[in-house]
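# Requesting a structural model of the entry that follows:
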Amino acid sequence: MKSIHAAAAALIFSLAAGSLAHAQSGPTPQEQMACRSDAGKLCAEHIGKPPQMNACLRANKAKLSDGCRKVVESHGG
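All right, here's what the predicted structure looks like:
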């Protein structure tokens, strides 16, 4: 469970870095929840490394849940 929370935290930072407009406001709680599971399953090795997490989510976009894919795309992915 800790790794999922850590993945979500890393995702928050990586998504915020993806777009200037979103970097100022950060991802919404709904956006965080949409990607929590995908980040933990597909990109757990990048926890704590926002640029690598962002790249991993983008690289795995075809494998993401619909909700997370929309979040990644909305943040420039």
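# so K63 sits right up against L42, yeah?
Yes. In this structure, K63 is within contact of L42 by Cβ atoms under 8 Å, at 6.1 Å. No exception for glycine: its C-beta is placed from N, CA and C like everyone else's.
# And the two? Which one has more around it.
L42 (20 against 12; other Cβ atoms under 10 Å).
# so that one touches M53, yeah?
No. Contact criterion Cβ under 8 Å: L42 and M53 do not qualify, at 9.8 Å.
# heading toward the C-terminus, what's the first helix or strand past the helix or strand of the chain with the lowest mean pLDDT?
Least confident helix or strand, the chain: helix 20-25 with a mean of 43, by mean pLDDT, DSSP states H and E. Counting by DSSP states H and E, the next helix or strand C-terminal to helix 20-25 is helix 29-42.
# and that following helix, what other elements does it pack with?
helix 2-18, helix 50-59, helix 66-74 (3 or more Cβ pairs under 8 Å, 6 or more residues apart in numbering; DSSP states H and E).
# Okay, buried residues for the shortest one please.
So the one you mean is helix 66-74. Buried residues in helix 66-74, counting neighbours by 16 or more other Cβ atoms under 10 Å, are found at 68-69, 71-72.
# now the angle between helix 29-42 and it, please.
100 degrees (axes from the mean of the first three to the mean of the last three Cα atoms, to 10 degrees).
# average pLDDT for helix 66-74?
Averaging pLDDT along helix 66-74 gives 92.
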